[in-house]
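J.: 3D, please:
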Amino acid sequence: GLAMQPTLSSVISGLVLNIDYRLRVGDGIVSGGEAVEIASIGWRNVVARKSSGRLMVFPNAKLADAEVEFVPAGRPVRGETLVKLPTPIPPDQVGSLAATLIGDLPTLDPDRAVSVTPSGFDPSAAYTQYRIGYWVSDYRDLISVENTIQQRLWYGLQRARLYAPPATPESDTPSDP
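T.: Numbering: from 1, shown residues only. Model (predicted):
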């Protein structure tokens, strides 16, 4: 009785996953900040391959319950990066800077523009949060593109002298360069 319950749950979840999402080998699962490629789909679990070549086994019941994103192979997928910038920087300047700094990434879908929208504001901190939206041609590039965008934005803002690190409560004491 009890030993069959997890197996039955996984089989039922497998049916639901295949009916609701129509998963196929080659599609992706984005989980925990990593995109993995589905290598096989069984009645009880899905086996996925990491970029390192290692295999991960996802019980179907866990996939049905977990917060994972299923991404079809061969279709562009939308990514988002959140950045906090000093509020005095005008949003149109943030948009043009983002387009200049990341618009040439070869992994971005060339048919879709990068979007920049303010998504949060904290007057006490003097920072505005921006949501940078973009499309990548292949889901396997999603995580590396996000990291590259963060790096390029930080570098570009430093270079344009538009970003200074937030003041810390210990700012009275001298700090190491």
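J.: From here on, just use CA atoms for contacts and neighbour counts.
T.: OK.
J.: count of neighbours near residue 61?
T.: Residue 61 has 21 neighbouring residues, counting by other C-alpha atoms under 10 Å.
J.: do the same with the one 4 residues further on
T.: Residues within reach of residue 65, counting by other C-alpha under 10 Å, total 9.
J.: before we move on, what about residue 54?
T.: Neighbour tally, residue 54, other C-alpha under 10 Å: 9.
J.: which residues does it contact?
T.: Contacts for residue 54 (C-alpha atoms under 8 Å, 6 or more residues apart in numbering) come out as none.
J.: before we move on, what about residue 128?
T.: Residue 128 touches 84-87, 118-122, counting by C-alpha under 8 Å, 6+ apart.
J.: Now it: closest residue in space that isn't a chain neighbour?
T.: residue 121 (4.5 Å; C-alpha to C-alpha, 6 or more residues apart in numbering).
J.: helix/strand/coil for that neighbour?
T.: strand (DSSP: H, G, I helix; E, B strand; the rest coil).
J.: okay but it is in contact with residue 129, surely?
T.: Yes - counting by C-alpha atoms under 8 Å, residue 121 touches residue 129, with 6.1 Å between them.
J.: isn't residue 132 right up against residue 114?
T.: Yes - using C-alpha under 8 Å, residue 132 is in contact with residue 114, at 7.0 Å.
J.: Looking at the two now, which is surrounded by more residues?
T.: Shown here are residue 132 and residue 114; by other C-alpha under 10 Å, residue 132 has more neighbours (22 against 19).
J.: and whatever helix or strand that one lives in, average pLDDT?
T.: Per DSSP states H and E, residue 132 falls inside strand 127-136. Averaging pLDDT along strand 127-136 gives 88.
J.: try stretch 154-168
T.: 70.
J.: just stretch 36-54 next, same as before
T.: 89.
J.: Likewise for stretch 87-107?
T.: Here the average pLDDT along stretch 87-107 is 85.
J.: Just the helices from the chain, written as ranges.
T.: For the chain, the helices defined by DSSP state H cover 4-21, 60-65, 91-102, 142-159.
J.: So residue 79 is in contact with residue 136, correct?
T.: Yes - Residue 79 lies in contact with residue 136 (C-alpha under 8 Å); the separation is 7.1 Å.
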